[in-house]
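>>> The sequence and its predicted three-dimensional model are supplied below.
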Amino acid sequence: MRTKTMLGLFGALIATAIGASSISAAKRKAGPETPLTATGQQLLERYTGMVTELQAKISKAVPAVDEQKKAAYLKAREVEQAAVAKVNTAQQRRDEVHAARALVEHTWNTWIRVAEKNIAMTQAKLEQATTEIEHNAAQQELIRWQEHRDAGIKTLRKREEASDKAKSEEPRWIHELEAAQKALAQTQATHALDLESFLSSDKLDAQLAKYVVLFEATPRGLTEFAQQSKEHEQLVERLLADSDLMLQMIVADGAKGGRYGLAMKIYTAIHKVSEKAKDGVLQRLALAIALEHAVPIIRRNATGRTAAPKTVDPVGRYLHYEKAYLDGELDPNFEKLSVWDYRMVVNGNEPDETLVWGREMFRNYRPDHISNPDYRWRYVGLVRTDVPYGSQDNKYDLPELEFFQNILMNGGVCGRRAFFGRFTLRAFGVPTTARASPGHAALAHWTPDGWVVCLGGGWGAGWVWGKGNSDLNFLATTQARKTAEPYLQVKRAQWIGDLMGEKRTLGLIGGDPAFWNGVALYTQRAMIEEAKAVALAAVGEDIGEANESNVKEAIEAATITEEDKNIVVGAGGVITIPATACSKPTNSTSKIVFMKSNLGGMQLHYNRLGNPEEFEYTFEAPAAGKYALTARVVTPSWKQHLLVAVNGAEEPTDIELPFTVGTWDKTQSVIVSLVKGQNVLRFSREEPVKGLTIKDFTLRPVK
């Protein structure tokens, strides 16, 4: 790495005594201490002795840094802090412009358009009213929605004025932001600390790994675990003797809660049930689960499942993902991920069987989302197409359904939609994390091109819990980790900081790192600059708090073969019509989408979004008479209907659709009359429309 690795490095003099790290380690242990047995006292003395010995050895190997160079960096830090403050002020003013625009969009999408939609529906009720009671009820409802719309229009005018004012000032804020950023770039120091060769060396890795494990677990914490049984003591001994494993653990940010004993117990238990967990992708997966589940994860069970396990079984979680990976059900990039990445796949609170359901539901209902070449929307695109915005139907959540099944059925506002998006990503093995911002919940997730924010403002608009607060700090970590081996320089500097008793600082944004943490973070920043990493723009910001995107998607033409359109008359005159054998439309539209089916061939999807659209089938019947009509369908939500009119009939027949919860099922039959020869079935739907997938129709003669 170039000498500029250390450019701009700031920090304080190493004034903290070496022994302070043991004090810091002791403070990390929370909660009442468990009384120690005689064996425990001996173990505590042994583990404490290891810490003291490692501190002495490592501190001797840490190079001294010229005091004048340190002072130069400290001065550079002061200048940089002032420049950062100017950047933050200019950025805040720029953000106010975006916030004003967002309020305008929010008023349109969740206030006025909803009111106008309900006004139209209520007017239809009014026209169809047959009694005075129905007429009066519809009239009162219409008045309420008209008042709601008028209030929205009044609010919109105020917000548009504020937005126009902010927009007129935006060029000035942009200019000030650019000037502040340029000034910040010029504050970087020009002196080097000559630490690159030290941080690039792996000579201290084994000692550092053991020290950090003891530091994070604390000698007392390890003792309390080890004294519980001979098995536990042996687990700790095996861990402390395995330098490679400890190094792998701390590079991935260590055991959750510092509970290395429990992490080792989980890791060992996984190896007992699976020979495949010894190396490669499955070894990394096993370790990620061990580290992340060292603090048990509370399961989010269906409210009606009172006897369900209270926590996620880590061994079961491993076996779940192992099977899904070996069966080819996960994203193709799953095998390329690091232990750190996998931690953000395996940390969901959903039961394993819900993850199985999620993948099956996708394959049945919207297989196109699985193969979406746009990784920003792969899997998570189901939020955009099928999770309606609004909390009015959340009261209908069913106790027998899992949390994420209820979201797909009844929608939700930003929180539930972000939860669902993260669930879909985890189901297919894609790392994801929550990305909150003031008054709004979004998500961020991995893509081959870097992490992207979805359903909320771009990077810098919020924070990532547990990842260094600012989302920009988290983004920087993801970008630096992509450099693989060089990233160890960052970790080594952090670990030396632990040894020196420094408080760990995970990012430059909002952080005030001490010396070695500053070395780590500026080394990281130089890596990012050298790699020319580019932050991906956010997607779905316009639907973060809206029901339908303003961005119109391109409609891809479907390749429908003659076989896909082949209508078959079988034994006994049974007619089978593939859903893609439409005589109208003959190709995909914004509402009706033809796509490959996991059952083979093609299937038809009726989109939730957009205006209702009819579709027709023209076919030959071998004989006139009554036929029982059924359809093979997938529905992710309840209370759905499909209307069918035969040969131009004015009054269509209502087909009540089963609530299949994302699996294939058949509708109850309805009786229709066909003529011998050519017939036309015209299907339609009434508002409110929910998503529906159809494989085929069957017409069975009624004797």
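Ah, there it is. Residues are numbered from 1 along each chain as shown.

>>> the helices in the stretch 151-300 of the chain, which residues?
With DSSP state H, counting those that start in this stretch, the ranges of helices along the stretch 151-300 of the chain come out as 196-200, 205-217, 219-226, 230-241, 243-251, 260-273, 280-292.

>>> Flag every buried residue along the first one.
Judged by neighbour count (16 or more other CB atoms under 10 Å), helix 196-200 contains these buried residues: 196, 198-199. Yep, even glycine has a C-beta here, placed from its N, CA and C like the rest.

>>> same deal with stretch 508-515?
Buried residues in stretch 508-515, counting neighbours by 16+ other CB under 10 Å, are found at 508-509, 511, 513-515.

>>> For those, could you give me CSV that also reports distance to Val593, secondary structure and pLDDT?
Written out in CSV, the entries for these read as follows (distance: CB to CB, whole Å; DSSP: H, G, I helix; E, B strand; the rest coil; pLDDT from 0 to 100):
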residue, distance to Val593, secondary structure, pLDDT
Leu508, 45, coil, 79
Ile509, 42, coil, 79
Gly511, 47, coil, 76
Pro513, 51, coil, 87
Ala514, 56, coil, 88
Phe515, 58, helix, 87
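
>>> so which of the residues you listed comes closest to Asp150?
Here the nearest of these to Asp150, counting by CB to CB, is Ile509; it sits at 43.6 Å.

>>> Turn the helices of the stretch 151-300 of the chain into a markdown table, including distance to Ala579.
A markdown table is the format used below for those (distance: least, CB to CB, whole Å):
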| stretch | distance to Ala579 |
| --- | --- |
| helix 196-200 | 60 |
| helix 205-217 | 57 |
| helix 219-226 | 58 |
| helix 230-241 | 56 |
| helix 243-251 | 50 |
| helix 260-273 | 43 |
| helix 280-292 | 38 |
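
>>> okay if I get those as JSON lines plus distance to Arg113 and mean pLDDT?
Listed next are the helices of the stretch 151-300 of the chain as JSON lines, based on distance: least, CB to CB, whole Å; pLDDT from 0 to 100:
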{"stretch": "helix 196-200", "distance to Arg113": "56", "mean pLDDT": "91"}
{"stretch": "helix 205-217", "distance to Arg113": "52", "mean pLDDT": "98"}
{"stretch": "helix 219-226", "distance to Arg113": "55", "mean pLDDT": "97"}
{"stretch": "helix 230-241", "distance to Arg113": "58", "mean pLDDT": "98"}
{"stretch": "helix 243-251", "distance to Arg113": "49", "mean pLDDT": "98"}
{"stretch": "helix 260-273", "distance to Arg113": "50", "mean pLDDT": "98"}
{"stretch": "helix 280-292", "distance to Arg113": "42", "mean pLDDT": "98"}
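
>>> Quick one: closest of these to Leu488.
Distances from Leu488 to each of these were compared using CB to CB; the shortest belongs to helix 243-251, at 7.0 Å.

>>> That closest one to helix 280-292, inter-axis angle?
For the pair helix 243-251 and helix 280-292, the angle between their directions (axes from the mean of the first three to the mean of the last three CA atoms, to 10 degrees) equals 60 degrees.

>>> Since that was my last question, I'll sign off now.
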